[in-house]
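*Asks:* Provide a 3D model corresponding to the input given below.
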Amino acid sequence: MTLWIRYTHDGREGFGQLDGERIAVFEGDLFGAPTATGETLPLAEVAVAMPCRPSKLIALWNNFHAMAEKQELTLPEAPLFFVKPASSYAASGAVIPIPEAAGRVVYEGELGIVIGKRIRDADEATAADAIFGYTCTNDVTAPSILKADASFAQWVRAKGLDGFSPFGPVIATGLDPATLTVRTLVNGRERQNYPVSDMVFPPARLVSLLSQGMTLEPGDLIACGTSNGVGPIPKGATVDVVIDGIGALSNRFE
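*Replies:* Model (predicted):
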C-alpha cells in the first residue's frame with residue numbers, strides 16, 4: 001500500500017509518498033511515471049494540499065443498501081449522480097466557512113475513488129485498471145437549499161458551495177475497498193460507521209457505468225455516496241472522515 005500526498009513547502013507545491021511522519025519527494029506526473037528525487041521532508045513542515053486536482057467530482061446518491069432500506073428508497077438500476085464544481089474543493093485541514101444563505105448544513109462521510117487513466121465506455125475490467133486509488137471525502141450539504149423549490153431539487157447548489165467538497169488527506173493505492181469502513185466524527189464523537197462492502201454499485205462496476213458516454217480523466221474523483229448517520233454540522237465544529245488504511249480528513253466549519 002502506498003499513500004500519495006500533495007503539499008506546499010517554502011511556497012512551492014510538491015507531491016510524494018507519505019511514510020509515517022516523512023514524505024519521500026517525487027517529481028513528474030502522479031498519474032504517469034513519477035520518479036523519486038531522493039529528498040525527504042518532515043510532514044510537520046509542510047501544508048497538506050488536496051491530493052489531486054479533479055477536472056470533475058462526481059457524487060453518488062442512494063448507493064448503499066442500508067440507507068435505501070431505512071429511507072424506503074427503491075434501489076437504482078443505474079448510478080444516480082450529480083457533479084460538484086471545482087470551487088467547492090477543499091483540502092484536509094482547511095477551515096470551511098458556512099455561508100449564511102446555506103442555513104443548516106450536514107456532513108456525509110464517503111469513500112472517494114480517484115481515477116488514474118483516461119477511459120470512456122469501459123467494461124468492468126478496464127474500469128478496475130483505471131482506478132488509481134482511494135481517498136476520504138465529505139459531501140457537505142445544505143438541505144434547505146436542496147428542497148427549496150418543489151419543482152426542482154437543487155443538488156448542485158446545495159452541495160456545491162465553496163468548501164463543500166473537502167477530500168484527502170492522501171490517495172491510498174493497493175487497498176481492497178471491500179474491506180474498508182467509513183467513520184464520521186463530529187467534535188470527536190462518532191456519528192457514522194458503515195462498511196464500503198454495502199455499496200449498491202461497488203467501485204469497478206460504478207466506474208464502468210459512469211464512463212458510459214462520459215470520459216473520465218486522470219485525477220477525477222468519484223464520491224461513492226453515504227449511508228446512515230448523516231447529521232448537522234454545528235458552527236465551530238470539527239468533522240473528521242476516517243477510513244483506516246487511508247487516514248483522516250479533518251475540517252473545521254465556521
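*Asks:* how many other residues sit next to residue 152?
*Replies:* Neighbour count of residue 152, defined by other CB atoms under 10 Å: 7. Heads up, the C-betas are built off the backbone N, CA and C, glycines and all.
*Asks:* thinking residue 122 is in contact with residue 206, fair?
*Replies:* No: using CB atoms under 8 Å, residue 122 is not in contact with residue 206, being 11.2 Å away.
*Asks:* the more surrounded of these two?
*Replies:* Shown here are residue 122 and residue 206; by other CB under 10 Å, residue 206 has more neighbours (24 against 20).
*Asks:* report the separation between the more buried one and residue 161.
*Replies:* Using CB to CB, to the nearest Å, we find residue 206 at a distance of 25 Å from residue 161.
*Asks:* report the central residue of the protein.
*Replies:* Centrality entry for the chain: nearest residue to the mean C-alpha point is residue 137, 2.8 Å, by CA atoms, centre = their mean.
*Asks:* now do the contacts for that one.
*Replies:* If you count contacts by CB atoms under 8 Å, 6 or more residues apart in numbering, residue 137 has them with 109, 110, 111, 112, 165, 166, 167, 221, 223, 241, 249.
*Asks:* what's the helix or strand the second one falls within in contact with?
*Replies:* Put plainly, it is residue 110. Per DSSP states H and E, residue 110 falls inside strand 109-115. With CB under 8 Å, 6+ apart as the test, strand 109-115 has contacts from 51-52, 59, 130-139, 167, 171, 177, 180, 182-184, 192, 196, 203, 206-207, 216-226, 239, 241-243.
*Asks:* before we move on, the earlier item: and the residue nearest to the centre of the chain, what are its bridge partners?
*Replies:* residue 110, residue 167 (DSSP bridges).
*Asks:* for residue 212, see how far away it is.
*Replies:* Here residue 137 is placed at a distance of 23 Å from residue 212 (CB to CB).
*Asks:* re the thing from before, any idea how far the residue nearest to the centre of the chain is from residue 51?
*Replies:* Distance from residue 137 to residue 51, by CB to CB: 11 Å.
*Asks:* what is in contact with these two at once?
*Replies:* Contact with both residue 137 and residue 51 is made by residues residue 167, according to CB under 8 Å, 6+ apart.
*Asks:* quick one: distance of stretch 97-106 to the chain centre.
*Replies:* 20 Å (CA atoms, centre = their mean, to the nearest Å).
*Asks:* which helix or strand contains the residue with the largest distance to the centre of the chain?
*Replies:* Ranked by distance from the centre of the chain (CA atoms, centre = their mean), the top residue is residue 38, with 29.7 Å. Secondary structure from DSSP H and E places residue 38 in strand 35-42.
*Asks:* may I have the helix or strand where residue 208 lies as CSV, with CA atoms only?
*Replies:* When elements are assigned from DSSP H and E, residue 208 belongs to helix 203-210. Output of helix 203-210 as CSV, limited to C-alpha atoms (Å, rounded to 0.1, in the frame of the first residue of the first chain):
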residue,chain,number,x,y,z
PRO,A,203,-16.1,0.6,-7.3
ALA,A,204,-15.2,-1.2,-10.6
ARG,A,205,-18.9,-1.5,-11.6
LEU,A,206,-19.5,2.1,-10.6
VAL,A,207,-16.6,3.4,-12.6
SER,A,208,-17.6,1.3,-15.7
LEU,A,209,-21.2,2.6,-15.6
LEU,A,210,-20.2,6.2,-15.1
